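In: Below: sequence and its predicted model.
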Amino acid sequence: MPHQFSQRGTKLSFSNGILLISAVSVALLIVFKADSHSLIPFYAVGVLVSFTVSQLGMFVKWLKTKEKGWVLKSCINGLGALATLFGAVVVFAMKFVSGAWVIALIIPLIMLFMAFTHREYLEFDKNVSIEGYDYRYPGVKSNNTKPCIVLVHNMNKGTLKTLDYALDVSSNITALHISRTPQHTLLLQEQWEKLGIDIPLTVVRAPHRDILQPLMEYIVEREKNLKKGEHLTVILTKYMGDWKYRIFHNQTSLFIENRLSGHRDSVTVLVPYVYSGNP
């Protein structure tokens, strides 16, 4: 599928998610000795709870948006949520001793982990935000013309440090943003122009929200235009901090670095941004 390019001033990959689900499935098979009857409570309660949450979410959506036909739609989703909730309670009560009790432990733990994750990302965004940050674009500081690509996802202090590094090593810089949502890209472009950065921000659309495939296709096309003996430098930001950074951050950068390690004509550079713990 061809990608759209724009020259205006952009928690794990899908494959990692599959690996995680596979690991959990294998663990359940081992613990329950592959007895399908013991696994049925997990499946039944899990499916009904999922249906309940999704129906409740749609019910709340119709109440907030009040789109055309919202009364009928909200009634349908509201009744669906009640029906699946009733089914979940019945199955949970009937299969409690058979193993459904584990669900009562797992679901709260997952919710706590998700809340912790959300709070961690909010804190991170606050501490790397450029709001009130006095940044002055230095301009190109190098006479070297070797091609460099700076990956830009969000406009924050780490991104600005990575960009400054690129300006030190090359005058042939492409700022590349893989766009998963138009709204996020528009905000990034506005911030880019507001800071007075004269490097065009190249935008590659990711139609399926997977940034890796369009990124690799773009890099392959750039490699085809390299001169003999020339290399393409891909510059990424690596956030440094406490133990949480190994879990919640840098996964995408490390995954991209690993994929590019097999490219003969590309070199990956990780620019560390040290998180001080203070806004």
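Out: Great, that's in hand.
In: Run through the helices of the stretch 151-279 of the chain in chain order.
Out: Secondary structure of the stretch 151-279 of the chain by DSSP state H, counting those that start in this stretch: the helices cover 157-169, 182-194, 212-224, 244-248, 251-260.
In: Can you flag the weakest of those helices by average pLDDT?
Out: Of all these, mean pLDDT reaches its minimum on helix 244-248 (a mean of 77).
In: Could you chop this structure up by domain?
Out: What automatic domain parsing lists as the domains of the chain is 5-10+135-274, 32-128.
In: just the helices of the stretch 151-279 of the chain: most buried one?
Out: Most buried of those by mean neighbour count (mean count of other C-beta atoms under 10 Å) is helix 157-169; its value is a mean of 19. All C-beta atoms are positioned from the backbone trio N, CA, C, and that covers glycine.
In: quick one on the thing from earlier: the helices of the stretch 151-279 of the chain into TSV, with extra columns for distance to Ser54?
Out: Shown next, in TSV, are the helices of the stretch 151-279 of the chain (distance: least, C-beta to C-beta, whole Å):
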stretch	distance to Ser54
helix 157-169	35
helix 182-194	23
helix 212-224	28
helix 244-248	26
helix 251-260	27
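In: among the ones you listed, which is nearest Thr117?
Out: Closest to Thr117 of the helices of the stretch 151-279 of the chain is helix 244-248 (C-beta to C-beta; 6.6 Å).
In: Listing request: residues of this protein with sub-threshold pLDDT.
Out: Low-confidence segments of the chain (pLDDT under 70): 1-21, 38, 99, 275-279.
In: at 50 instead, please
Out: 1-16, 278-279 (pLDDT under 50).
In: distance of Val234 from Val90?
Out: The gap separating Val234 from Val90 is 55 Å, by C-beta to C-beta, to the nearest Å.
In: which one of these two has more residues nearby?
Out: Each of Val234 and Val90 has its neighbours counted (other C-beta atoms under 10 Å); Val234 has more, 24 against 12.
In: Next, the buried residues of the helix or strand where Val47 lies.
Out: In this assignment (DSSP states H and E), Val47 forms part of helix 36-65. For helix 36-65, a neighbour-count test (16 or more other C-beta atoms under 10 Å) marks 39, 41-42, 44-45, 48-49, 51-52, 55-56, 58-59, 62 as buried.
In: for the very next helix or strand once past that helix, packing partners?
Out: Per DSSP H and E, the first helix or strand lying C-terminal to helix 36-65 is helix 70-94. Secondary-structure packing of helix 70-94 (3 or more C-beta pairs under 8 Å, 6 or more residues apart in numbering; DSSP states H and E): helix 36-65.
In: Which elements pack onto the helix it packs on?
Out: Counting by 3+ C-beta pairs under 8 Å, 6+ apart, helix 36-65 packs on helix 70-94, helix 101-128.
In: which of the ones you listed is buried the deepest?
Out: helix 70-94 (a mean of 15).
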